[in-house]
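Participant: Would you be able to build a 3D model of this:
(chains A and B)
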Amino acid sequence: MEQTKTHLKELEAESIYILREVAAQFEKPAILFSGGKDSIVVTHLAYKAFYPAKLPFPLVHIDTGHNFVETIQYRDELVKKLGAELIVGSVQESIDTGRVKEESGFNASRNSLQTTTLLDTIEKYKFDACIGGARRDEEKARAKERIFSHRDDFGQWNPKNQRPELWNIFNGRKNIGEHFRVFPISNWTEMDVWQYILQEGIELPSLYYTHTRKVFQRDGQWLAAEDCIKRCPEEVVIEKDVRCRTIGDISCTGLTLSTAHNLEDIIAEIAATRVTERGGRADDKRSETAMEDRKKLGYF
Amino acid sequence: MNNGYLDMQLLRFTTAGSVDDGKSTLIGRLLYDSKSIFEDQLEAVETASKSRGNEEVNLALLTDGLRAEREQGITIDVAYRYFATPKRKFIIADTPGHIDSTRNMVTGASTADLAVILIDARHGVMEQTIRHSYVAALLAIKQIVVCVNKMDLVDFSQEVFDKIVADYKAMSANLPIGKVDFIPISAKNGDNVVNASTQTPWYTGKPLLEFLETVDINVNSTDPFRMAVQYVIRPISDKFADFRGYAGRIASGVVKVGDKVKVLPSGQTSEVASIWLSDKELQEASQGDSVNICLKDDIDISRGDVLVAGNTTEPEVGQAIAMNICWFRETPLQLGKRYIIRHATQEVQGMFKSIDYKIDINSQEKQTGISQLTMNDIAFVQLKTASPLVFENYHTNKVLGSIIVVDPDTNDTLGAGMIE
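Facilitator: Model (predicted):
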């Protein structure tokens, strides 16, 4: 007798295995929850990994204060549904207490400020493993990151001296003060994530589907016309049918012109698209190695 | 929505070689022709290639994303690339092929179902071809595809191709490699990569992509059931007051409700009461599934224990284990030093009692009288563990047959072992 497995089944089984390793190897793990589809899928996988027990991890949201309303609503409903614990690290608080200084100018973003808030939150709650939804297909600096990725006691990533990772044996040993970032969906692609959302019937924030929104264009990107982004006078606000392909903070989330009403539409749209999902992320465009540079300092 | 897309199989393969072999070009072509490279990625690579003075687009820059790699034009370690066709999803573990990167080849091969080995048609079988084949054999990769590349530079000569095939077969006669297929290609021009080439009418096999899409990757479910327990699920709730599930990923075989099982190393027996995948109860589960198994009897089982079929051959349980080992770090392997050994879901202390021989990876000659190992060495060693492990031969069961060696001082992973 021979067995065949579909790719989604195989990827799901691998991710569940990784999540159970985290629960077994660490004292105080947490899921970094952004409200984006990848962290939603990770949370869904964690639910499946430990059923009928509750999630052995709290959800940690690093809140820039520049969120889409829909993200926060979705987050709060999900936490209620799962009976999970929610911990919010506030970038506004980091600014108010002088831990970080807000960027100014037209391209100001709180994206890089999140790193300090994240590391402060990890320190405050003594988290020893932070589970994230990053995927290797997203960005070149992530293509070489380990599934169990070590961080020193400054929260830094050292890409040149990563631990070898073989088979399904994950080495989560560390010294006091160090922690790990764990990426259970490292081997998934954007398409896998969407197919899985469809297969599992996972609910998403309404932002992922087409909606009419006040937007303006900057460097060929559509951005939401919200108060937290400064506009120059020639950046005219108009209404368009758009959706988010990824969700981050408002200031760095590019919107896609789209009429996709449901998951089937989205999958068809992604199959036809010729631009990566991070092509809409202003935070990656700052330099050729922008992601690596942020990650070295402790970014997600 | 095409439902076929949800039913794809997953093939993991490794490629070893250097830019000179045309490996980046081949991967670039597979990704590009399957529309897995996006316009913004291509533009970024084009810009980066130009700024480095490369005349052609350097597709290696797609995977060599780290600052140091881009500055020095080197590949630091394994890069993972993803692409899909309507038939299958593929994960490529792309490893650098130079002499000092045996450890990276081993890492890439550890999760691969298949290895693609490139040979430059002008140069024929080289030392590095032997190295790549040896690593594939060591890691028990059952299928090798030898791509004889740059056929355009030898006028698509059947004679050249046939000679390389014969040389390869002669060279690999002593290696325990599985099935080998040979494909004449030109990665640069696309011959026999995605489409069959009109330049090679004498070649009757499949082009590479079609080969990868159709090669048999089914696992044999007649293997006996084994599952290492990862985690014990005990919900503290009224609804599931007595629930006690043993969570793990099935290493081999099939398990059904009602099957007799044995727990190792304790030797206690019981019967499968229920099998869960999240909130769904299953009648059976098989190799690769991450499940949660409840037993009829209340026995003491914890992380690291192994559930096995009750009525077949059993894995070995012991503290003296012989293995092939690949060393990864400059810190040498020292005999008699205490290391941490990770095996399946178990962690124990261990020390190496002897190095029987070191293998010269190019000639496969065995060197004896060795007292320590250093980076990229491969050797046959004897390990002694502080408590028993439940293990099998690596070629029988990769999960129960593999270990990693961890440095108790730095917690770094130092080496990887394949149990004999």
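Participant: Please list the residues of the stretch 1-150 of chain A that sit near chain B.
Facilitator: Within reach of chain B by CB under 8 Å from any CB of the partner chain, the stretch 1-150 of chain A has these residues: A:1-14, A:16-17, A:20-21, A:23-24, A:47-54, A:136-137, A:139-144. Every C-beta, even on glycine, is put in place using the N, C-alpha and C of the backbone.
Participant: buried subset of those residues?
Facilitator: Among these, those that count as buried by neighbour count (16 or more other CB atoms under 10 Å in any protein chain shown) are A:5-14, A:16-17, A:20-21, A:23-24, A:47-53, A:136-137, A:139-144.
Participant: Up against chain A, what does the stretch 151-300 of chain B have?
Facilitator: Contact residues, the stretch 151-300 of chain B versus chain A (CB under 8 Å from any CB): B:218-222, B:230-231, B:233-237, B:239-240, B:243, B:247-249, B:254, B:276-279, B:286-290, B:292.
Participant: 6 Å instead?
Facilitator: For the stretch 151-300 of chain B, the contact set with chain A under CB under 6 Å from any CB of the partner chain comprises B:218-219, B:221, B:230-231, B:233, B:235, B:240, B:243, B:247, B:249, B:278-279, B:286, B:288-290.
Participant: Which residues are in contact with B:His373?
Facilitator: Slight slip there: residue B:373 is Leu, not His. Applying CB atoms under 6 Å, 6 or more residues apart in numbering or on different chains to B:Leu373 gives the contacts B:Trp327, B:Leu333, B:Ala379.
Participant: ok, now how distant is it from A:Ser90?
Facilitator: As defined by CB to CB, to the nearest Å, B:Leu373 lies at a distance of 51 Å from A:Ser90.
Participant: swap in B:Asn189?
Facilitator: Per CB to CB, B:Asn189 is found 57 Å from A:Ser90.
Participant: next one: A:Glu70
Facilitator: 19 Å.
Participant: again with B:Pro235
Facilitator: When B:Pro235 is compared with A:Ser90 (using CB to CB), they lie 32 Å apart.
Participant: swap in B:Ser51?
Facilitator: When distances are taken as CB to CB, B:Ser51 and A:Ser90 turn out to be 40 Å apart.
Participant: ok, the two, which is more surrounded?
Facilitator: Between B:Ser51 and A:Ser90, A:Ser90 has the larger neighbour count (other CB atoms under 10 Å in any protein chain shown), namely 17 against 10.
Participant: Helices of the chain, residue ranges please.
Facilitator: No chain in the question, so chain A it is. Along chain A, the segments classed as helices by DSSP state H run A:7-25, A:37-50, A:69-82, A:91-96, A:114-125, A:190-200, A:263-272, A:290-297.
Participant: look at chain B instead
Facilitator: When secondary structure is read from DSSP H, chain B shows helices at B:23-33, B:39-51, B:60-63, B:67-72, B:102-110, B:127-138, B:158-171, B:208-214.
Participant: any idea of the mean pLDDT in the fifth one?
Facilitator: Average pLDDT, helix B:102-110: 90.
Participant: and what of the second one?
Facilitator: Averaging pLDDT along helix B:39-51 yields 72.
Participant: how about low-confidence regions in the chain?
Facilitator: Since no chain was named, I'll use chain A. Flagging of chain A using pLDDT under 70 yields the residue ranges A:1-4, A:106, A:274-291, A:295, A:297-298, A:300.
Participant: right idea, wrong chain: chain B
Facilitator: In chain B (pLDDT under 70), the answer is B:1-7, B:17-20, B:37-40, B:54-76, B:97-100.
Participant: Domain boundaries for it, per the record?
Facilitator: Partitioning chain B according to automatic domain parsing yields domains covering residues B:3-214, B:226-309, B:316-419.
Participant: follow-up on the earlier one: which of the contacts of B:Leu373 fall in strands?
Facilitator: Helix and strand membership here follows DSSP state E; of the contacts of B:Leu373, those in strands are B:Trp327, B:Leu333, B:Ala379.
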